[in-house]
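**Q** Sharing a model that was predicted from the sequence below.
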Amino acid sequence: MNAATTTEPRTTPLCQAHRKLGAKMIDFGGWLMPVNYPSGILDEHKATRTAVGVFDVCHMGEVHFRGARAAEAVQRLVTNSVGKLYDGRAMYTVACNPKGGIVDDLIVYRVKPDHLLIVVNAANIAKDYGHFVEQVGTWCEIRNASDETGLISFQGPQAQACLAPLTRAPLATLKPFHFFPEVEVAGRPAWIARTGYTGEDGFEIFCAARDAEPLWQAMLDACAGVGGKPVGLGARDTLRLEARLSLYGNDLNDETTPLEAGLGWVVKFDAGDFIGRAALLRQRDAGLPRKLAGFVMLGRGIARHGYPIHDPSTRAKVGEVTSGTVGPTVGKNIGLGYVPAPLYRAGARLLVDCRGKHIEAEVVEGPFYRH
Amino acid sequence: MSDNVPNDLLYTEDHEWARQEGNLVTVGITQFAVDQLGDVTQVDLPNEGEVLKRHEVLGSVESVKAVSDVYAPVSGKVVKVNSPLQDSPEYVNEEPYDGGWMAQIELSSPDEIKGLMSSAAYEEFLKDHEG
């Protein structure tokens, strides 16, 4: 998915724990990560939809912005409105380059008026941190805390019930995209955010890297009784795609704009003079040449990243699949791909070239799955 | 290991297994291949009556995370396919050497059987390739 690295992949503080659980480990964007545990992707997917899935996301990056101009600096970088945040509030957004292409998709957390945290994709930590410092490094303190920060995701309909015994924090009062900084989970200092990447209710727990292993164990123990289990990258992909959440490196990259990617809702032109604003305004006014469409396969076939998409009326290649998989909960094979604007409408037909076989697919709007 | 590599079958370097009964050869993929693929969600089979040469694509097995071609271990006519796999691809995971068989080929060049590995040779091959 991301550029292959020739060096040894990096490991998270949970690497040994994954091995003990019998995980199959792969190099993912330069990180050695579990793709699945012995029960398999479909079982892990189901556990997350029906009980709890526990995910190692320690590889993700955490960059702190501190100082009187911290919010101003973050607003220069991101397209969504930082002014709408308040202490304990988080939001999804993207950072763009001057051409409007997406540098990364991010979650911004406002801890205090002069302290914001940006969580970035693992494969982009170096790129993003370099971009942040280059653009606004003189505006405030920017610190990359990725190595010393652990992050564990706890997702599913039973997440709140299972996490509650581990913390005194009033989870029932925590709304989506809100967080509690400086609380405790299983006796360790932690932050609890009601965020995730699965289409389920759930939490992401930030901790010190050295506390990640005991917290992971405590969280697995806390959900084992309801059928909760560890979940690897394989099911993370099927879960996020059913929820139609984009994956950087597949569906988003430096060449795609948020408007094309269906992320217009995170672009607030009145938020401030963010990088890429002028280019995005021009694109909005000129009309979008292509859009990221969601589709379900009508015939037998699983769309995969890179498969060509053809227009059935002309048979011409018009795009490529950016993500595709089996949708275990929706019971259909699903995917995303950029298509010319005229084909971007619910009910439009596409042909996906699955290894030489043209399989019909239908464009659908909205998430494939909602909890 | 012996459970995973039955000693009455023959094997290829592409992780197919072959069971010879007279001039009929039944073909499937090995436990090792299944473990690599994970949950199988789709199996594509050849048409009955199709004539395949050795190493030609016989079908494919697709899992949640990957797709893998399956090659004919011997040349011949496909006389029967395991059509229940179309609706129940999970048989490949559950019983790769039994309910998960894919096709039966009528051998056209009986000598080709000698080119396949014994279970002992395949186990050695796996040791070398598992690192």
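**A** Structure's in. What do you need? Residues are numbered from 1 along each chain as shown, chains lettered A, B, ... in the order given.
**Q** near chain A, which residues of chain B show up?
**A** By the criterion of C-beta under 8 Å from any C-beta of the partner chain, the positions of chain B lying close to chain A are B:Gly38, B:Asp39, B:Thr41, B:Gln42, B:Asp44, B:Ser60, B:Glu62, B:Ser63, B:Val64, B:Lys65, B:Val67. The way it works is simple: take the backbone N, C-alpha and C, and place the C-beta from them, glycine included.
**Q** isn't there a strand covering A:Ala361?
**A** Yes: per DSSP: H, G, I helix; E, B strand; the rest coil, A:Ala361 lies within a strand segment.
**Q** A:Phe295 is in contact with that one, correct?
**A** Yes: the pair A:Ala361 and A:Phe295 qualifies as a contact (C-beta atoms under 8 Å) at a distance of 4.2 Å.
**Q** Give me the common contacts of these two.
**A** A:Ala303, A:Gly335, A:Leu350, A:Val352 (C-beta atoms under 8 Å, 6 or more residues apart in numbering or on different chains).
**Q** What is the nearest of these to chain B?
**A** Ranked by distance to chain B (C-beta to the nearest C-beta), the shared contacts of A:Ala361 and A:Phe295 are led by A:Ala303 at 10.8 Å.
**Q** which secondary structure element contains that closest one?
**A** Using DSSP states H and E, A:Ala303 sits within no helix or strand.
**Q** Next one: it relative to A:Thr11, how far apart?
**A** When distance is defined by C-beta to C-beta, to the nearest Å, A:Ala303 is 32 Å away from A:Thr11.
**Q** Looking at those two, which one has more neighbours?
**A** Neighbours per residue (other C-beta atoms under 10 Å in any protein chain shown) separate A:Ala303 from A:Thr11, with A:Ala303 holding more: 28 against 15.
**Q** Check the gap between the nearest residue in space to the more buried one that is not next to it in sequence and chain B for me.
**A** Distances taken as C-beta to C-beta, 6 or more residues apart in numbering or on different chains put A:Gly324 closest to A:Ala303, at 3.0 Å, once the chain neighbours are dropped. Separation of A:Gly324 from chain B (C-beta to the nearest C-beta, to the nearest Å) stands at 11 Å.
**Q** Tell me which residues of the host helix or strand of A:Gly324 come out buried.
**A** Assessed by DSSP H and E, A:Gly324 sits inside strand A:317-327. Within strand A:317-327, the residues that qualify as buried are A:Val318, A:Gly319, A:Glu320, A:Val321, A:Thr322, A:Ser323, A:Gly324, A:Thr325, A:Val326, A:Gly327, counting by 16 or more other C-beta atoms under 10 Å in any protein chain shown.
**Q** Give me the pLDDT value at the fourth one.
**A** Yep, that's A:Val321 we're talking about. Looking at A:Val321, its pLDDT stands at 98.
**Q** what's the burial count for the spatially closest residue to A:Leu174 that is not a sequence neighbour?
**A** Of all residues not flanking A:Leu174 in the chain, A:Arg194 sits nearest, at 4.9 Å (C-beta to C-beta, 6+ apart). A:Arg194 has 19 neighbouring residues, counting by other C-beta under 10 Å.
**Q** Verify the stated contact: A:Arg194 with A:Phe180.
**A** No: in this structure, A:Arg194 is not within contact of A:Phe180 by C-beta under 8 Å, at 9.1 Å.
**Q** residues shared between the contacts of the two?
**A** What both A:Arg194 and A:Phe180 touch, as defined by C-beta under 8 Å, 6+ apart, is the set A:Leu174.
**Q** circling back: quick one: list the elements packing against the strand holding A:Gly324.
**A** The contact analysis (3 or more C-beta pairs under 8 Å, 6 or more residues apart in numbering or on different chains; DSSP states H and E) places strand A:317-327 against helix A:233-242, strand A:290-297, strand A:308-310, strand A:332-340, strand A:349-354.
**Q** For that strand, which strands pair with it and how are they oriented?
**A** Next to strand A:317-327 in the sheet, as set by DSSP bridges, lie strand A:308-310 (antiparallel), strand A:332-340 (antiparallel).
**Q** which residue ranges form the strands in the stretch 1-150 of chain A?
**A** A:10-11, A:24-28, A:31-36, A:53-56, A:61-66, A:89-96, A:102-112, A:115-120, A:141-144, A:149-155 (DSSP state E, counting those that start in this stretch).
**Q** Likewise for chain B?
**A** Using DSSP state E, the strands found in chain B span residues B:10-11, B:16-21, B:24-29, B:40-44, B:51-52, B:57-63, B:67-71, B:76-81, B:103-107.
**Q** Paired strands for the fifth one, with orientation please.
**A** For strand B:51-52, the pairing partners within the sheet under DSSP bridges are strand B:76-81 (antiparallel).
**Q** now swap in the longest one and tell me
**A** Paired with strand B:57-63 in the same sheet, following DSSP bridges, are strand B:40-44 (antiparallel), strand B:67-71 (antiparallel).
**Q** Over to the third one?
**A** Each strand pairing with strand B:24-29, determined using DSSP bridges, is listed with its direction: strand B:16-21 (antiparallel), strand B:103-107 (antiparallel).
**Q** Return the most buried member of those.
**A** A comparison of these by mean neighbour count, using mean count of other C-beta atoms under 10 Å in any protein chain shown, puts strand B:103-107 on top with a mean of 21.
**Q** average pLDDT across it?
**A** 97.
**Q** residues near the closest residue to A:Pro165 other than its chain neighbours, how many?
**A** Distances taken as C-beta to C-beta, 6+ apart place A:Ala222 nearest to A:Pro165, at 6.4 Å, with adjacent residues excluded. Number of residues near A:Ala222 (other C-beta under 10 Å) recorded here: 23.
**Q** A:Tyr86 now?
**A** If you count neighbours by other C-beta under 10 Å, A:Tyr86 ends up with 9.
**Q** Dihedrals phi and psi, A:Ala278?
**A** Dihedral pair for A:Ala278: phi -60, psi -40, per degrees, to the nearest 10.
**Q** OK, contacts around it?
**A** By C-beta under 8 Å, 6+ apart, the neighbours of A:Ala278 are A:Pro98.
**Q** Return the distance of the lowest-mean-pLDDT helix or strand in chain A from the chain's centre.
**A** Lowest by mean pLDDT, DSSP states H and E among the helices and strands of chain A is strand A:24-28, with a mean of 92. Computed by C-alpha atoms, centre = their mean, to the nearest Å, the chain-centroid distance of strand A:24-28 equals 18 Å.
**Q** by contact count, what packs against that strand?
**A** helix A:15-20, strand A:31-36.
**Q** need the ones you listed in TSV with mean pLDDT, distance to A:Pro157 and mean neighbour count, can you?
**A** Listed next are the helices and strands packed on strand A:24-28 as TSV, based on pLDDT from 0 to 100; distance: least, C-beta to C-beta, whole Å; neighbours: other C-beta atoms under 10 Å in any protein chain shown:
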stretch	mean pLDDT	distance to A:Pro157	mean neighbour count
helix A:15-20	97	25	16
strand A:31-36	96	21	23
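**Q** and the ones you listed as a markdown table, adding distance to A:Pro113?
**A** Shown next, in a markdown table, are these (distance: least, C-beta to C-beta, whole Å):
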| stretch | distance to A:Pro113 |
| --- | --- |
| helix A:15-20 | 37 |
| strand A:31-36 | 34 |
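**Q** need the contact list for the closest residue in space to A:Arg19 that isn't next to it in sequence.
**A** Leaving aside its sequence neighbours, A:Arg19 sits nearest to A:Met25 (C-beta to C-beta, 6+ apart; 7.2 Å). With contact set as C-beta under 8 Å, 6+ apart, A:Met25 has these partners: A:Cys15, A:His18, A:Arg19, A:Leu32, A:Met33, A:Pro34, A:Val35.
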